[in-house]
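1. test case, fold it:
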Amino acid sequence: QVQLVESGGGLVQAGGSLRLSCAASGRSSSTYVMGWFRQAPGKERDFVAGINWGGSTYYADSVKGRFTISRDNAKNTVALQMNSLRPEDTAVYYCAAGSPMAGPRVRYTDQYAYWGQGTQVTVSS
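-> Have a look, this model is predicted:
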């Protein structure tokens, strides 16, 4: 079992920045692929960014160049630095953990066995 707890959400004006953090606990959590997803009201949960144990990163096209995912394997944490935020980034953001997988599969929700409770990010125009 892996437990995930997100923090760092909030309200920010367009163009601003937020940093989300996810603390993982449980057996072998440092070897998991970690991902960030988001879900806006009435929409599906979408991939935002992912990172594997070795540090390879993957991003949705909509956030490339604005968001940065990173992890600290020693502390079992993963972070999402979000810059140049836009109103369309408003959503509940979820941290997820999954067993090692091929790179392209990090975008799919069904590849992740463990999810956090989510943290709200609201970007005002």
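2. any idea how far the residue of the chain most remote from its centre lies from residue 110?
-> Going by Cα atoms, centre = their mean, the residue of the chain most distant from its centre is residue 125, 22.8 Å out. Here the distance between residue 125 and residue 110 works out to 34 Å (Cβ to Cβ, to the nearest Å). For glycine as for every other residue, the C-beta is placed from the backbone atoms N, C-alpha and C.
3. and the nearest residue in space to residue 57 that is not next to it in sequence, what does it touch?
-> Nearest non-adjacent residue to residue 57, counting by Cβ to Cβ, 6 or more residues apart in numbering: residue 51, 5.0 Å away. Contact analysis of residue 51 by Cβ atoms under 8 Å, 6 or more residues apart in numbering lists 33, 34, 35, 57, 58, 69, 70, 71, 78.
4. need those in a markdown table with pLDDT and distance to residue 103, can you?
-> Shown next, in a markdown table, are these (pLDDT from 0 to 100; distance: Cβ to Cβ, whole Å):
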| residue | pLDDT | distance to residue 103 |
| --- | --- | --- |
| 33 | 94 | 9 |
| 34 | 95 | 13 |
| 35 | 97 | 12 |
| 57 | 96 | 10 |
| 58 | 96 | 6 |
| 69 | 98 | 14 |
| 70 | 97 | 17 |
| 71 | 94 | 15 |
| 78 | 96 | 17 |
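5. which one of the residues you listed is nearest residue 21?
-> Nearest to residue 21 out of the contacts of residue 51 is residue 78 (Cβ to Cβ; 7.6 Å).
6. may I have the beta-bridge partners of that closest one?
-> Under DSSP bridges, the beta-bridge partners of residue 78 are residue 22, residue 71.
7. which residues does it contact?
-> Contact analysis of residue 78 by Cβ under 8 Å, 6+ apart lists 21, 22, 24, 34, 36, 51, 69, 70, 71, 72, 95.
8. my guess is the third one contacts residue 1, does it?
-> It stands for residue 24. No: contact criterion Cβ atoms under 8 Å: residue 24 and residue 1 do not qualify, at 10.9 Å.
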